[in-house]
Each structure stands twice: as structure tokens, then as C-alpha cells.
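Asker: need a structure here:
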Amino acid sequence: MQRRHFLMLSATAGIAAAVGPAFAHNGDETIPGFDEALKAGGPVMIHVTAPWCETCQAQKPIVAALLASPDFKNMKKFDVDFDSQKEILARYRVQMQSTMIVYKGGKEVDRQTGQTDSAVIETLLREAL
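Answerer: Below you'll find the predicted structure:
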């Protein structure tokens, strides 16, 4: 019985390897409005979060408060769900939730993962101004 179970698992693993990962990037999924914001050249931020991530939940009010301040009034923020938007994660080379990526002039200038210090997050956002 154990041998049959092992063979079944081996066959399943072989099929999964041949098909490839379910989140492989094929270029179909995009972040609505993101390409336009990049082309406009202004400051842009992607925030990758998950509802179960405590670090993400700590980041959200910090980011919201900073973006509500006059200094960041022109920054465009785009939220990406870590659990459901795997294609976008692959496109932007994101491996973990709680990742923040900032863009200036249409180009990525920096990214942070797991940061909850408001001063460090503010410094990150200022890099895009």
C-alpha cells in the first residue's frame, strides 16, 4: 500500500513539474492604471500585502498617514494582494508580502520588505519624489 501511495505521489509531482508553476508569468495580468502612472513619470508606489500578514497590517496605517500628507499628495499607490495576484508578483520580482516598491520617472528606484519603522518608510517614499 505504501509503495502505491509513493508511486501516485511521484506521478503527481512529475505532472506538476511538467506543467510548471500555477503562477508563472505569461504577461496577461496587470495592475489597472499602473502603466499609465509610470508613463506620467510621477511618484508611484506598489504595496504588496496579505490579509493574514501582521507586518502588512502594521504598514498600512503608516503608509496611509504618509500619503495623506501634503508632501506625498501626488504619489500614486497601487495595492497588490500576495495571495491572489501571483502573476503580478512574478512580473515585479516580489517574493514576500509586506513589500513596498517605489518608482520615479517611470523607473524603480528602491524597494523594502518587512519594514514597519515610519521614518524608514517615509525615506523610501521620498526617494520617488
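
Asker: and the most centrally placed residue in the chain, helix, strand or coil?
Answerer: Among the residues of the chain, the one closest to the centroid is residue 48, at 3.3 Å (C-alpha atoms, centre = their mean). Per DSSP: H, G, I helix; E, B strand; the rest coil, the secondary structure class of residue 48 is strand.

Asker: can you tell me how far it sits from residue 73?
Answerer: Distance of residue 48 to residue 73, given as C-beta to C-beta, to the nearest Å: 23 Å. (Glycine included, C-beta is placed from N, CA and C.)

Asker: sec struct for residue 100, please.
Answerer: Of the three states, residue 100 takes strand under three-state DSSP.

Asker: ok, residue 103 touching residue 41?
Answerer: No - Residue 103 lies out of contact with residue 41 (C-beta atoms under 8 Å); the separation is 9.1 Å.

Asker: who's more crowded, those two?
Answerer: Ranked by neighbour count (other C-beta atoms under 10 Å), residue 103 and residue 41 place residue 103 first, with 24 against 12.

Asker: could you check the pLDDT of the more buried one?
Answerer: Confidence at residue 103, expressed as pLDDT, is 97.

Asker: what number of residues lie near the closest residue to it other than its chain neighbours?
Answerer: Nearest non-adjacent residue to residue 103, counting by C-beta to C-beta, 6 or more residues apart in numbering: residue 44, 4.1 Å away. For residue 44, the neighbour count with other C-beta under 10 Å is 25.
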